[in-house]
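**Student:** Here is a sequence with its predicted model. Questions after.
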Amino acid sequence: MHPTQHAKSDDAAHASAEPAVASPRTPSGRRVGALLAGVAIGAAALAWVGINDRAKGMQEVESWTERQAVPTVRVVHARRGPMDEDLTLPGSLSAFYTGTLYARASGYVTAWHRDIGARVRKDEVLAEISAPDLDQQLAEARATLVQLQAAVDQAQANADLSAATNKRTARLVTQGWSSEERGDTDRFTAASRTAALSVAKANIVAQQANVGRLEELTRFKEVRAPFDGVVTARNVDIGDLLTAGGTSGRPLYRVSDLHRVRAYVNVPQAFLAVMKPGLKASLRVPGQEAAFDAEVTSTANAIAEDSRKGLVELQADNPEGKLWPGAFVEVRFHVPSDPGTLRVPATALVFDRNGTQVAQVGDDYRIALKPVTLGRNLGNEVEVRAGVTTAERLIDNPQEFLASGDVVRVAGEEAAPRTASAN
C-alpha cells in the first residue's frame with residue numbers, strides 16, 4: 001500500500017474516534033443556555049429572600065428587645081365615693097334582759113309549772129321546792145326568838161327591882177340608917193341589871209334578823225319569774241335534788257325579755273369613728289326575708305389588740321318576738337360618706353422607706369412616684385384624702401424596681417413610649 005493512502009486511512013480513523021462537538025447554533029446549545037440562565041435567576045431569588053428574612057428577623061429581635069426593656073403596665077384611676085354607703089358585718093343577738101335562775105333553797109322539786117317558750121309575768125311561780133330542813137330551821141329560830149323575848153322580860157323585871165332597891169338604899173344612906181358600902185352595892189347591881197336588859201334586847205334584834213333571813217329563804221321554795229318575758233330554758237324536773245347557793249351547775253330556768261333585743265358587732269377600727277349613738281342600721285336574720293330597723297346605742301370604747309376591732313351595741317324593737325337571742329344576724333350600717341374623698345384600689349399603693357405613694361404615668365409615659373395621705377381601709381379599696389386626682393393614670397400592681405423617670409408602656413394603648421424616651 002502506498003504510504004500516502006496509509007496516512008489518510010489513519011486520519012480518517014482518528015476523526016471517527018473523537019466525539020463530535022455541536023455548534024452553538026444547534027438546538028442542543030440553546031437548551032443549555034436557558035438552563036444556565038434559570039439557575040442564575042433562582043440563585044438571585046434565593047439570595048433576596050434570605051436577605052429579606054434576615055432583615056425581618058433583625059426587626060423582630062429589635063422590637064422584642066425594646067418590649068423587654070420597656071415594661072408594660074396596667075393603669076387605673078381614682079374614683080369618688082358614694083354619698084351613702086352600707087357596711088355589712090356579722091353580729092350576734094342577745095335579749096334585752098336575761099334572768100338566770102338558780103336554787104336559793106335546798107330541797108326537792110315537787111312541781112314545775114312553765115315550760116320553754118311560755119310567756120310569763122313578773123313574780124309568776126315557775127317551780128316549787130320542798131325544803132323540810134329549812135322549815136325546821138325557821139321553826140327553831142322562831143322558838144328561840146320567843147325564849148329571848150322571855151329573857152328580855154326577865155331582865156326588865158330584874159332591872160326594875162334593882163333600880164327600886166338602889167333608890168331606897170340611897171335614901172337610907174343619906175339618913176344614916178344604912179352603910180355607904182350597902183349603898184354602893186345596890187347602885188352597881190342596878191347598873192349591871194340595866195346593862196343585862198340591853199343585852200337581852202340586842203339578842204332579840206339579832207334573832208329577829210335570823211328569823212327574817214330564814215323566812216326570806218323559805219320564799220325561795222317558789223321559783224318566780226324576775227320580770228315579764230319568755231322562758232328560754234328549763235333544766236328542772238320533779239324529784240330533782242337542789243343545793244342552795246350553787247351557780248356552777250345548770251340553771252333551773254332562764255327567762256328572757258324579748259320586747260327589745262341587743263345586737264353586738266365587732267367593727268374594724270377604720271369605721272369606729274362613725275359608730276356614734278343614733279347611727280341607723282338594719283338587721284337581717286338568715287331564713288327571714290324581713291329586715292329589722294336598729295340603731296347604735298353604745299360602743300365599748302376599746303379595741304381588741306388581736307383583731308383591731310371594737311365592740312358596738314345596737315338595739316332593735318322586737319314586738320312580735322321574731323328575733324331570738326343567740327341568733328346570727330347580718331348588720332348593715334348606713335354609714336355617711338364624703339363624696340369628695342377619692343378611692344383607689346389597694347393594689348395601686350407603693351409602700352417603701354418614703355412612706356405611702358402611688359406611681360403616676362404621665363403623658364410622656366414616664367413614671368412619677370407621688371406621696372398620698374390615706375383614709376379608711378375599705379378592703380379592696382382605700383380612701384385617699386390627698387395626693388391624687390381622678391384624671392391621673394395610676395399603675396396597678398407596680399413592680400418594685402420602677403422608679404420616678406422610668407418609661408413604661410401602657411397596656412391597650414398604641415402609643416410608643418420610645419418617642420417619649422427620645423425626647
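**Tutor:** Done, it's in.
**Student:** What segments of this structure are helices?
**Tutor:** 3-17, 27-69, 132-175, 180-219, 417-422 (DSSP state H).
**Student:** Setting the sequence-adjacent residues aside, check what's closest to Leu378.
**Tutor:** Spatial nearest neighbour of Leu378, excluding adjacent residues (Cβ to Cβ, 6 or more residues apart in numbering): Arg343 at 7.0 Å. Bear in mind the C-beta positions are built from the backbone N, C-alpha and C, glycine included.
**Student:** Likewise for Glu381?
**Tutor:** Nearest to Glu381 is Arg343, by Cβ to Cβ, 6+ apart, at 4.6 Å.
**Student:** Can you verify my assumption that Val230 contacts His259?
**Tutor:** No - contact between Val230 and His259 fails when scored by Cβ atoms under 8 Å: they sit 9.7 Å apart.
**Student:** Touching, Leu394 and Ala346? I think so.
**Tutor:** No - using Cβ under 8 Å, Leu394 makes no contact with Ala346, being 11.9 Å away.
**Student:** Those two: which is more packed in?
**Tutor:** When neighbours are counted by other Cβ atoms under 10 Å, Leu394 comes out ahead of the other of Leu394 and Ala346, with 25 against 13.
**Student:** How much space separates Ala302 from Val312?
**Tutor:** 11 Å (Cβ to Cβ, to the nearest Å).
**Student:** contacting residues for Glu128?
**Tutor:** Going by Cβ atoms under 8 Å, 6 or more residues apart in numbering, Glu128 touches Val109, Thr110, Ala111, Trp112, His113, Lys221, Glu222, Val223.
**Student:** residue contacts, the residue lying closest to the last one once chain neighbours are set aside?
**Tutor:** With sequence-adjacent residues excluded and distances taken as Cβ to Cβ, 6+ apart, Val223 is closest to Ala127, at 4.3 Å. The neighbours of Ala127, taking Cβ under 8 Å, 6+ apart as the test, are Val109, Ala111, Trp112, His113, Glu222, Val223, Val236, Leu252, Tyr253.
**Student:** Any idea what the residue lying closest to Ser256 once chain neighbours are set aside is bridged to?
**Tutor:** Spatially, and ignoring its direct neighbours in sequence, Ser256 is nearest to Ala95 (3.7 Å; Cβ to Cβ, 6+ apart). Beta-bridge pairing of Ala95, defined through DSSP bridges, involves Val261.
**Student:** Quick one, grab the pLDDT at Ala95.
**Tutor:** The model reports Ala95 with a pLDDT of 94.
**Student:** can you tell me which residue is nearest the centre of this structure?
**Tutor:** By Cα atoms, centre = their mean, the chain has its centre lying nearest to Asn266, at 4.4 Å.
**Student:** Could you check how far the nearest residue to that residue once chain neighbours are set aside is from Gln136?
**Tutor:** Nearest residue to Asn266, sequence neighbours excluded (Cβ to Cβ, 6+ apart): Lys309, at 4.1 Å. Between Lys309 and Gln136 the computed distance is 56 Å (Cβ to Cβ).
**Student:** Could you check which of these two has the larger neighbour count?
**Tutor:** Between Lys309 and Gln136, Lys309 has the larger neighbour count (other Cβ under 10 Å), namely 19 against 11.
**Student:** can you pull the contacts of the more buried one?
**Tutor:** Lys309 makes contacts with Asn266, Val267, Pro268, Gln269, Ile303, as judged by Cβ under 8 Å, 6+ apart.
**Student:** thinking again about what came up before, state the number of residues packed around the residue nearest to Leu378.
**Tutor:** Number of residues near Arg343 (other Cβ under 10 Å) recorded here: 20.
**Student:** before we move on, what about Ala190?
**Tutor:** 22.
**Student:** Could you do the one 5 residues further on as well?
**Tutor:** Counted by other Cβ under 10 Å, the residues lying close to Ala195 total 12.
**Student:** Tell me which residues touch it, please.
**Tutor:** Shown in contact with Ala195 (Cβ under 8 Å, 6+ apart): no residues.
**Student:** Show me where the stretch 51-200 of the chain dips below the pLDDT cut-off.
**Tutor:** In the predicted model, the stretch 51-200 of the chain carries pLDDT under 70 at residues 51-69, 83-84.
**Student:** From Val296, how far out is Phe96?
**Tutor:** Where Val296 is concerned, Phe96 sits at a distance of 16 Å (Cβ to Cβ).
**Student:** who has more neighbours, the two?
**Tutor:** The neighbour comparison of Phe96 against Val296 (other Cβ under 10 Å) goes to Val296, with 22 against 18.
**Student:** how close does that one get to Ile238?
**Tutor:** Val296 is 46 Å from Ile238, by Cβ to Cβ.
**Student:** same question, Ser404
**Tutor:** 84 Å.
**Student:** ok, now Lys122?
**Tutor:** 25 Å.
**Student:** Kindly report the same for Leu217.
**Tutor:** Taking Cβ to Cβ, one finds Leu217 at 21 Å from Ile238.
**Student:** Would you mind telling me which of these two has the busier surroundings?
**Tutor:** Of the pair Leu217 and Ile238, Leu217 is the one with more neighbours under other Cβ under 10 Å, namely 17 against 11.
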